[in-house]
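K.L.:
predicted coordinates and the sequence they were generated for:
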Amino acid sequence: MRLPFLDRDHILALAPMDDITDGTARRLAHRFGADLVYTEFISAEGLIRDAAKSLRKLHLARDDHPVAIQVFGSHIPSVVEAARVAEQTGPECIDLNFGCPARKVAGRGSGAGLLRTPEKLEQMARAVVAAVALPVTAKVRLGWDEQSINVLDVCRRLEQSGIVAVAVHARTRSQSYSTPAEWDWIARVKQAISIPVIGNGDVREPQDAERMFRQTGCDGVMIGRAALGNPWLFRRIRHYLETGNLPPCPSLQERIAVLLDHLNDAAAEKTELRAVLEMRKTYSGYLKGLPGAARLRASLMKPLTIRQVVDTLGAYQQTAC
């Protein structure tokens with residue numbers, strides 16, 4: 001079973017990020033050119049127990065698509081049941097998280113913790129593929145640590161299990177995000193399996209994406225933290241890939257307009273106060289490179305209402321123009 005949007009050249013995907021890739025972030029990524037977006041990772045145990053936080057993450061809007069719902073867990077029957085629950089919300093695919101390095105996840109045998117037990121990982125993948133009608137994809141890391149890199153074996157097992165595409169974060173679990181991604185492993189995975197391979201790690205600028213495609217032969221590039229407060233990155237990468245020309249960064253006016261779109265959309269989906277507080281983590285991306293960005297970001301840590309955010313940005317625009 002194949003996914004139509006995985007058949008195009010140079011797939012661009014928004015990575016799953018907890019407390020970040022909510023509906024607002026996913027819609028912005030699509031608006032600026034992402035081919036595929038992922039939900040925040042969702043606990044299988046939370047889903048099958050009707051935990052409110054997990055159920056909130058399942059909500060999909062019309063302009064979220066194409067979207068993958070990512071689930072994680074260590075207990076195979078729970079992950080299977082969670083996949084069935086997720087399927088009912090109508091995503092394009094179910095994604096299995098075999099890559100999260102967080103101690104509360106990997107340390108309990110979920111996420112990257114499953115890389116230590118590839119037989120169980122394979123059993124989980126087979127069980128989910130058999131349980132749902134949707135295509136199933138997976139996201140992995142290179143291995144638990146540098147002494148146990150097993151990504152080639154894991155990806156072969158996933159392909160044999162019926163997984164239709166795999167995303168490879170080119171670090172081990174122990175490396176977390178602290179060392180340069182080892183893209184050579186993405187190239188090796190691409191040579192070892194026949195299903196689409198999406199590379200992930202250290203893509204921050206259009207030139208990085210072009211280099212990853214060229215050096216690894218991957219089918220797609222997945223972007224995580226670099227897209228936070230920077231949805232234009234997808235548009236800029238696409239332009240660079242198609243023309244070879246590096247497009248300019250967005251203007252101050254466009255940055256502020258999209259920032260406020262993001263904020264208002266989040267407020268409509270959640271509450272105004274929650275949206276304003278959660279926006280604080282995105283300001284670095286939206287303001288990067290602007291004169292006085294650090295001072296403006298500090299000022300934006302104070303507002304508790306959208307009106308106050310608008311006034312703060314308006315005052316900055318007056319001094320910047």
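P.N.:
Good, I have the coordinates.

K.L.:
report the distance from stretch 56-64 to the chain centre.
P.N.:
Taking C-alpha atoms, centre = their mean, to the nearest Å, one finds the center of stretch 56-64 at 15 Å from the center of the full chain.

K.L.:
swap that for stretch 116-124, please
P.N.:
On the basis of C-alpha atoms, centre = their mean, stretch 116-124 is displaced by 23 Å from the centre of the chain it belongs to.

K.L.:
can you tell me what sits against that stretch?
P.N.:
For stretch 116-124, the surrounding residues in contact (C-beta atoms under 8 Å, 6 or more residues apart in numbering) are 76, 79, 96, 98, 109, 114-115, 144, 148, 150, 153-154, 157-158, 160-161. C-beta here means a position set from N, CA and C on the backbone, and glycine is covered the same way.

K.L.:
make sure residue 221 is indeed in a strand.
P.N.:
Yes. Assigned with DSSP: H, G, I helix; E, B strand; the rest coil, residue 221 falls within a strand.

K.L.:
can you count the residues close to it?
P.N.:
Per other C-beta atoms under 10 Å, the neighbour tally for residue 221 reads 27.

K.L.:
secondary structure element holding the residue nearest to it when sequence neighbours are not counted?
P.N.:
Among residues not flanking residue 221 along the chain, residue 209 sits closest, at 4.8 Å (C-beta to C-beta, 6 or more residues apart in numbering). Following DSSP states H and E, one finds residue 209 within helix 206-216.

K.L.:
buried residues, that helix. List them.
P.N.:
Buried residues in helix 206-216, counting neighbours by 16 or more other C-beta atoms under 10 Å, are found at 206, 208, 209, 210, 212, 213, 216.

K.L.:
for those residues, give me TSV that also has distance to residue 27.
P.N.:
Formatted as TSV, those follow (distance: C-beta to C-beta, whole Å):
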residue	distance to residue 27
206	22
208	24
209	21
210	26
212	25
213	25
216	29
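
K.L.:
are any of the contacts of stretch 116-124 buried, and if so which?
P.N.:
Among the contacts of stretch 116-124, those buried by neighbour count (16+ other C-beta under 10 Å) are 76, 79, 96, 98, 114, 115, 144, 150, 154, 157, 158, 161.

K.L.:
among those residues, which are located in helices?
P.N.:
Residues of the buried ones among the contacts of stretch 116-124 located in helices (DSSP state H): 76, 79, 154, 157, 158, 161.

K.L.:
for residue 138, state which of these is nearest.
P.N.:
Set against residue 138, the nearest of those by C-beta to C-beta is residue 158 (5.3 Å).

K.L.:
from residue 299, how far out is that closest one?
P.N.:
Using C-beta to C-beta, to the nearest Å, one gets 47 Å for the distance from residue 158 to residue 299.

K.L.:
can you pull the poorly scored residue ranges out of the stretch 1-150 of the chain?
P.N.:
Low-confidence segments of the stretch 1-150 of the chain (pLDDT under 70): 1-2, 5.

K.L.:
how about the helices in it?
P.N.:
For the stretch 1-150 of the chain, the helices defined by DSSP state H, counting those that start in this stretch occupy 23-31, 44-48, 52-57, 76-87, 103-106, 118-131.
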